Structure formats: structure tokens, C-alpha cells
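Asks: no sequence on this one, just coordinates:
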């Protein structure tokens, strides 16, 4: 009995040592933070940039952005269209890079990402995330372990990735799409309550070291729910930027306001009360977005979790307006649309977070220096 336990212990130790040597680290941070954040970057560099280029081309009548430069199986693609079509490979390669995959694995993730996103359908981003993580780690385990690595590594990575996609991508995509539709249905049914819930939760996710953009993309969060998500993200980014202005001045205003409120995480860990003002602001702007201004995100779902980062949330709302007009779902972009967008995304988050922050400073919950960025 003791001998069998000892043997099992040696086997486990050998496997653990092999995993460490291959840099396969089973950790929540690596998969839940690094890989998820990289996935959002892949989305940004393909789908989001492609959408922006198409919008710029159509709205500013830029010929080279509106002209089809390639035709694939009867479908014409512009520059932006080609960028958007590569969203699956872009996400998979970004995830592989975050997991420190060697070159042969990284390059093999291109067909894996394409296949998974195609099979996953509307919930493709979540399917790509799951499959790319597993395929990356499988490829890393066999990388440079044989004399014919140039064959073994890509074959294993592609077979594991595409095979897994064939088995689970469609169910994962369906499940993610269903959850997203359920959230959107609930928001349409109860815009006040769900406006608060979605705005607060997505806003919190944006400030945490995880990717709110990837979450929104994975769930396909659009419509009123997408509008509430935009409101929550803007409340965090603009809120922290304004309420910490006395500590961080203009550099902090820009880095948080159009960069990321994640910069405040070390200060939140030290004093969680600094998170109260922007979170309260999101609880107010969310239902205002859904109930009063009917703010909808009908652009790419990834924009719902971007907030004011590069003004991608606002660009997404605008591209949604344009798409709705072209589809005959919206007559025109009204003054009320613009007023709602500016108030929800910029003015109210700034005013509310500053006011709540001032109250907390006066009662001693937030002290000078608590919001200082290193």
C-alpha cells in the first residue's frame, strides 16, 4: 500500500515537473485574467478595428475604405470587412501569446481560431477562448519534444483545437448566445432593475483585472443591455478619472478616462471605499440609459464592455445607429440620441462620481492620496 502511494507520488511529481518545464501553469490568473484580456485585444484588433474602418469609410465617403478589395466565394470584402472576418484567428493567437505559446503553436492557432469561431456562431468568442486555451496548452506540451517537431507540434495543436471545436464549439456558442439573449430579454422586460444590475456588474468587471469587453463579446451583449453595459463602464472610467483629478491631474484624467480604470486596482485593494462613488454612479446612469434615453448598443458587442476606452463604446453606439438606419429600423440620429450619449457616457459619470467622492472625502472614508496612481 505504501509502495503504491509512493509510486503514485513520484508519477505526480514527474508530471508536475514536466508541466512546469513546459510552462503550463494551471492558474486562475493565467486563464481568467491574462488569456481573457488577450482575447479582448484580439477582438479589438480585428472585429472592432474593422467596424471602425467600415464606419469611417461609409460616413466620410473614403473610397479606399468602401471599395471591395477581395472576393471570397462570392462575398466581397473591404479592408474593414477582411479585418472583421479574421476575428477568430486574432483571438486565438492573442490567447496563445498570453499563454507564452512557442511560435509553432502560435501559428497553428490561426486555423484553430478560424474553425472555432465559425462553428461557434453567435457565441463564437467564448468558444474560441475555451478551445484556444486547451489547444495552446496541448501544443506547448509536445513542442520540441521530438526530432520532427515541425510536424508534430502543428498537427497536435490543430487536431486538438479543431477536433475540440467540432465537439464543443457549437454547444458553447449556443449556451453563451442563450445567456446573452436572456440578459437582453430581461433588460427589455425590466429596464429599471436590469439597467442597474448590468451597469454595475459590467462596470465592476471593467475595473477588475479581467476583460469586460471579452465578457460582453462572449455573451453577444447588445441592445438595451449593451447600452447599460456602456453606461457602467463609462461610470467607472470617467468617474475615477474625475474624482482622482486632485491627485493625478491631467495625466491621470487621460490615462483613466480614455485608458482604463483598472489602474486604480492597487488603491481599491488598499481602501475598497474608493470604489463606492463610481459604482453608485453606474447604478444611476444604467437605468437612466435604459429607461429614459433608451440607449442601445447595436454595434459590435465587444464595444459594450469598452466604455470610453479609445471612445470605443461611443463609436459602437454610433455604428449601431448607422446600421439601424441602413436597415430601416431607425429614421435618423436625433438630438435626443446625442444628448443621451453625452450625458450617460461623460457628464453624469463625472458629476455623480465627483459629488459622491466629495461626500466620502468629507466623512473621512477617502483621504488625500488614496487615489494617487503610482
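Replies: Noted; the coordinates are in hand. It should be emphasised that the depicted structure is a prediction, and the values quoted were computed from it without experimental measurement. Numbering: from 1, shown residues only.
Asks: need the contact list for residue 77.
Replies: Residues near residue 77 by Cβ atoms under 8 Å, 6 or more residues apart in numbering: 68-71, 85. Every C-beta, even on glycine, is put in place using the N, C-alpha and C of the backbone.
Asks: For the stretch 1-150 of the chain, which segments are assigned as helices?
Replies: 2-21, 28-29, 35-43, 49-60, 63-66, 79-85, 87-98, 103-120, 124-142, 149-164 (DSSP state H, counting those that start in this stretch).
Asks: tell me which of the contacts of residue 77 is nearest to residue 174?
Replies: residue 85 (21.7 Å; Cβ to Cβ).
Asks: mind checking how far the closest one is from residue 19?
Replies: Noted for residue 85: a distance of 36 Å to residue 19, by Cβ to Cβ, to the nearest Å.
Asks: pLDDT at the residue nearest to residue 307 when sequence neighbours are not counted, what is it?
Replies: Of all residues not flanking residue 307 in the chain, residue 233 sits nearest, at 2.9 Å (Cβ to Cβ, 6 or more residues apart in numbering). In this prediction, residue 233 carries a pLDDT score of 95.
Asks: Would you mind measuring from residue 233 to residue 278?
Replies: As judged by Cβ to Cβ, residue 233 and residue 278 stand 10 Å apart.
Asks: and these two? which has more neighbours close in?
Replies: Per other Cβ atoms under 10 Å, whichever of residue 233 and residue 278 has more neighbours is residue 233, with 34 against 31.
Asks: Please, which helix or strand holds that one?
Replies: Take DSSP states H and E as the rule and residue 233 turns out to sit in helix 223-243.
Asks: that older thread, who touches both of residue 233 and residue 278?
Replies: Common neighbours of residue 233 and residue 278 (criterion: Cβ under 8 Å, 6+ apart): residue 203.
Asks: Can you name the residues that contact the spatially most central residue of the chain?
Replies: Centroid-nearest residue in the chain, with Cα atoms, centre = their mean: residue 213, separated by 1.9 Å. Going by Cβ under 8 Å, 6+ apart, residue 213 touches 40, 43-44, 206, 302-306.
Asks: shaky segments in this structure?
Replies: 1-5 (pLDDT under 70).
Asks: ok, which stretches of the stretch 201-350 of the chain are strands?
Replies: For the stretch 201-350 of the chain, no strands are identified by DSSP state E, counting those that start in this stretch.
Asks: which residues in it form helices?
Replies: Counting by DSSP H, counting those that start in this stretch, the helices of the stretch 201-350 of the chain are 212-219, 223-243, 245-257, 265-270, 276-287, 312-326, 335-342, 348-362.
Asks: who wins for proximity to residue 201 among these?
Replies: Among the helices of the stretch 201-350 of the chain, helix 223-243 comes nearest to residue 201, with 7.2 Å by Cβ to Cβ.
Asks: tilt between that closest one and helix 212-219?
Replies: Orientation check (axes from the mean of the first three to the mean of the last three Cα atoms, to 10 degrees): helix 223-243 against helix 212-219 gives 180 degrees.
Asks: So which elements touch helix 223-243?
Replies: helix 170-189, helix 191-207, helix 212-219, helix 245-257, helix 276-287, helix 312-326, helix 348-362 (3 or more Cβ pairs under 8 Å, 6 or more residues apart in numbering; DSSP states H and E).
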